[in-house]
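In: coordinates only, no sequence provided:
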């Protein structure tokens, strides 16, 4: 998975993204604007993280899942 | 021998201008990407023959040089070749190390030729193992707006690719056409009148410069 390094820590971009949505849900467009990342990259990363259970999606909004908190703190 | 037998028809598949861009989900140097991830942005999907080859290296550096301008135009870049993601990673790292250019756009690892076949990027009489130098300009609604093909031997012109996107976006925004060698700031072509009455009225309009009733230009007002 593109968001986790081989040592089990989060990649830099994954950390930035999860930090941004750890307490407040945001749309991919809002995340891309806040992190100055291309929208395609945010959409791809969110899909990756959702498949790993790191984020939850409600309609167009994404928020970090509690399961990702320990990983975020450790990274 | 029957040409269809020597060259499977799949090689000939080619999306047309105005058609929806074929969808895909594929491994890239930036993770797994779907075409739909680009909805809302324009996209230049381009192929190159192979990693670690000189013409392709010059092209990659040239594409990177226009990437900031393209992004200002809400346009992304996505490369492709029939190489592994590990080859792509090694090559873009080599370009940064040896040439001092960091490649910031993703590159598709199309080892099974899935995307290359969908987009007709392989020219079997030239090579069945390499993609030609194809460029697909895809708009923000995922419709193909322009296609360029160059052979293996000849590197592409980035000025023309930039100019093409500028012209296409100008057409979308202002509903005008652009003449030969048009550059932003130049006069644009007003669509020809479709009736005799409109032709007569067209030549009287003050804001258009008509050489004849069918050949009118005007300044663009932003």
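Out: Okay, I see it. The structure presented is a predicted model; accordingly, all values stated were derived computationally and were not measured. Residues are numbered from 1 along each chain as shown, chains lettered A, B, ... in the order given.
In: local confidence estimate at the residue of chain A found nearest chain B?
Out: Residue of chain A nearest chain B, by C-beta to the nearest C-beta: residue A:2 (3.1 Å). C-beta: built from backbone N, CA, C; applies to glycine. On pLDDT, residue A:2 comes in at 73.
In: now residue B:120
Out: pLDDT at residue B:120 comes out at 95.
In: let me see the contact set for residue B:146.
Out: B:17, B:135-137, B:164, B:168 (C-beta atoms under 8 Å, 6 or more residues apart in numbering or on different chains).
In: which one of these is nearest to residue B:36?
Out: Ranked by distance to residue B:36 (C-beta to C-beta), the contacts of residue B:146 are led by residue B:136 at 15.4 Å.
In: so the residue of chain A closest to chain B touches residue A:17, yeah?
Out: No. Using C-beta atoms under 8 Å as the test, residue A:2 is too far from residue A:17 to be in contact (11.5 Å).
In: give me the more crowded residue out of the two.
Out: Using other C-beta atoms under 10 Å in any protein chain shown, the more surrounded residue of residue A:2 and residue A:17 is residue A:17, with 28 against 18.
In: just to revisit the earlier point, how about the residue of chain A closest to chain B: what's its closest non-neighbour residue?
Out: Among residues not flanking residue A:2 along the chain, residue B:31 sits closest, at 3.1 Å (C-beta to C-beta, 6 or more residues apart in numbering or on different chains).
In: test my guess that the one you found contacts residue A:48.
Out: Yes. Here residue B:31 reaches residue A:48: they are 6.1 Å apart, a contact under C-beta under 8 Å.
In: and chain A, which of its residues are near chain B?
Out: Selection of chain A residues close to chain B by C-beta under 8 Å from any C-beta of the partner chain yields A:1-3, A:29, A:38-41, A:43-45, A:47-48.
In: which of these fall within helices?
Out: Using DSSP state H, the members of the residues of chain A next to chain B that fall within helices are A:29, A:39-41, A:43-45, A:47-48.
In: and the helix or strand that contains residue B:144, how far from the chain's centre?
Out: Element membership for residue B:144, per DSSP states H and E: strand B:144-150. In terms of C-alpha atoms, centre = their mean, to the nearest Å, the centre of strand B:144-150 is set 5 Å apart from its chain centre.
In: and stretch B:42-52, by the same measure?
Out: The chain centroid and the centroid of stretch B:42-52 are separated by 10 Å, computed with C-alpha atoms, centre = their mean.
In: now do the helices in the chain.
Out: Because you didn't say which chain, this covers chain A. With DSSP H as the criterion, chain A has helices spanning A:12-20, A:28-35, A:39-51, A:67-74.
In: other chain: chain B
Out: With DSSP H as the criterion, chain B has helices at B:3-6, B:54-72, B:85-94, B:114-118, B:158-174, B:196-202.
In: just checking, what packs against the longest one?
Out: If contacts are counted by 3 or more C-beta pairs under 8 Å, 6 or more residues apart in numbering or on different chains; DSSP states H and E, helix B:54-72 sits against strand B:75-81, helix B:158-174.
In: any idea of the mean pLDDT for that helix?
Out: 98.
In: show me what counts as buried in that helix.
Out: B:55-57, B:59-60, B:62-64, B:66-67, B:70 (16 or more other C-beta atoms under 10 Å in any protein chain shown).
In: for the residue in chain B positioned nearest to chain A, what are its contacts?
Out: When scored by C-beta to the nearest C-beta, chain B has residue B:31 as its residue closest to chain A, at 3.1 Å. Neighbour list for residue B:31: A:1-3, A:44-45, A:48, B:106 [criterion: C-beta under 8 Å, 6+ apart].
In: go again using 10 Å as the cut-off
Out: Applying C-beta atoms under 10 Å, 6 or more residues apart in numbering or on different chains, we find residue B:31 in contact with A:1-3, A:11, A:13, A:41, A:44-45, A:47-48, B:85, B:106.
In: residue B:132 now?
Out: Contacts of residue B:132 (C-beta under 10 Å, 6+ apart): B:47-49, B:116, B:120-123, B:126, B:149-152.
In: what subset of those is buried?
Out: Neighbour counting with 16+ other C-beta under 10 Å marks B:47-49, B:116, B:120-123, B:150, B:152 as buried within those.
In: make a markdown table out of the residues you listed and add distance to residue A:22.
Out: Converted to a markdown table, those look like this (distance: C-beta to C-beta, whole Å):
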| residue | distance to residue A:22 |
| --- | --- |
| B:47 | 39 |
| B:48 | 40 |
| B:49 | 44 |
| B:116 | 40 |
| B:120 | 45 |
| B:121 | 42 |
| B:122 | 45 |
| B:123 | 50 |
| B:150 | 47 |
| B:152 | 49 |
